[in-house]
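>>> Just to be clear, the model below is a prediction. Sequence and coordinates:
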Amino acid sequence: MTPAPSKPGPVRAGVDLVSDRFVVEADRRVVGIAVRAPGGYKFFSSDADFDRFEGRTFARARVLANSIAKLNRRLRRLADAGTGPVPAVH
């Protein structure tokens, strides 16, 4: 006999459930993944432009998203100005 599929846990109205892991995008391209870790979410880069955040833990998913967006805006401005690569910030 095949076991019945498990039912999802309860969902409360008005509560956003955040996954233990998610894909991180910038300008509709995947730049890494985030995995829940002690203290927040740990970022793993899949794009060299975002390697400066590799292994960094962000307290909240929103903080990670804002950091990625801020760097992406900076990269776009520099690309538009034709100034070349961005120096690493640690």
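Cool, got the structure.
>>> Mind telling me what element Ile33 is part of?
Using DSSP states H and E, Ile33 sits in strand 29-37.
>>> Show me what that strand is in contact with.
Outside strand 29-37, the residues within contact range by Cβ atoms under 8 Å, 6 or more residues apart in numbering are 19-25, 41-47, 49-50, 53-54, 57-58, 61, 64, 68, 72. In this view, the C-beta of every residue, glycine as well, is placed from N, C-alpha and C.
>>> any idea how far the spatially most central residue of the chain is from Gly82?
Closest residue to the average C-alpha location of the chain: Val24 at 3.5 Å, with Cα atoms, centre = their mean. Computed with Cβ to Cβ, to the nearest Å, the distance linking Val24 and Gly82 is 27 Å.
>>> So which of the contacts of strand 29-37 belong to helices?
Ala61, Leu64, Ile68, Asn72 (DSSP state H).
>>> right, and the last one touches Val24 too?
No - distance between Asn72 and Val24: 10.5 Å, which falls outside the contact criterion (Cβ atoms under 8 Å).
>>> List phi and psi for Ala59.
phi -60, psi -40 (degrees, to the nearest 10).
>>> looking at it, it is touching Gly40, isn't it?
Yes - using Cβ under 8 Å, Ala59 is in contact with Gly40, at 4.4 Å.
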